[in-house]
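**Q** mind folding the following:
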Amino acid sequence: MSVLLMSSVKAFVRGAFASTEVVDVECYGGEFSSDEVAVSGFKAPAILIAGLGWTRPRGHERMTGKGCRVCHMAAFVVTSNNNRVERMLAAQRLAEQLDLQLTTWTPVNADDAVIELAAPEDDIRCENVYNKKIDAKGLALWLVTWRQCIKPRLPLPQLYELLGIDIVSTNVLPQISPEGAEGGDPIAVTHEILFQPPTA
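**A** Alright, predicted model coming up:
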């Protein structure tokens, strides 16, 4: 279910910002460190979405019931500029815009959807995660975190079979071109995702 939430969040964020405001919106795994930047495929300004895990609801969230999960989500907001102050202000501004977009997001669940999404919980957090090594690469970084409930609409065994996937990485080019840098193209990362149909 959390994979479907990731896809929904990515689609929502991509639709909330024009490509002139945010160049790349991608799902992201791992910590955002200077070593990761060297092999990551994005062009700034970028919003990189990650799942941090999930817990069971405690009763005060927007959803409860069998199979319900409270997913912990994060978005790395990355900007680049040759001027340190300008890139920091741009990252802060973009993080606040994302906060506002998440605050007003009410997911529309299709009748045939296999899971139901709730709106993000009210405890959205935004944090400046300045790092000297990241700064030395001409980047600024903010972190936006939130919780969001998901609930299955199918029996759990059937949902388990539906969510079985194979992911095959087919192309990785180790090159990055942040905004404001000269030359170079961003990394191209292509994944082939094969969904396994439910067994009879």
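
**Q** partner residues bridging the residue nearest the centre of the chain?
**A** With distances taken as C-alpha atoms, centre = their mean, Ile49 lies nearest the centre of the chain, 1.4 Å away. Beta bridges link Ile49 to Cys27, Ala75, judged by DSSP bridges.

**Q** quick check: it vs Ser2, distance?
**A** As judged by C-beta to C-beta, to the nearest Å, Ile49 and Ser2 stand 12 Å apart. Yep, even glycine has a C-beta here, placed from its N, CA and C like the rest.

**Q** can I get the longest strand belonging to the chain as PDB, trimmed to CA atoms?
**A** Scanning the chain for the longest strand, with DSSP state E as the assignment, gives strand 139-152. Extracted in PDB, the C-alpha atoms of strand 139-152 (Å, rounded to 0.1, in the frame of the first residue of the first chain):
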ATOM      1  CA  LEU A 139      22.900  23.200  -3.300                       C
ATOM      2  CA  ALA A 140      20.500  24.100  -0.500                       C
ATOM      3  CA  LEU A 141      18.400  21.500   1.200                       C
ATOM      4  CA  TRP A 142      15.200  21.600   3.300                       C
ATOM      5  CA  LEU A 143      13.300  18.600   4.600                       C
ATOM      6  CA  VAL A 144       9.500  18.400   4.700                       C
ATOM      7  CA  THR A 145       8.000  15.500   6.700                       C
ATOM      8  CA  TRP A 146       4.400  14.500   7.300                       C
ATOM      9  CA  ARG A 147       2.100  11.600   8.200                       C
ATOM     10  CA  GLN A 148      -0.600  10.200   6.000                       C
ATOM     11  CA  CYS A 149      -3.100   7.400   6.500                       C
ATOM     12  CA  ILE A 150      -3.800   4.700   4.000                       C
ATOM     13  CA  LYS A 151      -6.400   1.900   4.200                       C
ATOM     14  CA  PRO A 152      -7.000  -1.100   2.000                       C
END
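
**Q** now do it: which elements does it pack against?
**A** Helices and strands touching strand 139-152, by 3 or more C-beta pairs under 8 Å, 6 or more residues apart in numbering; DSSP states H and E, are helix 2-16, strand 69-80, helix 84-103, strand 115-117, strand 125-128.

**Q** avg pLDDT for it?
**A** Looking at strand 139-152 alone, the average pLDDT works out to 94.

**Q** contact partners for the spatially closest residue to Cys126 that is not a sequence neighbour?
**A** Distances taken as C-beta to C-beta, 6 or more residues apart in numbering place Ala95 nearest to Cys126, at 4.8 Å, with adjacent residues excluded. Contacts of Ala95 were listed using C-beta atoms under 8 Å, 6 or more residues apart in numbering, and they are Val77, Cys126, Trp142, Leu143, Val144.
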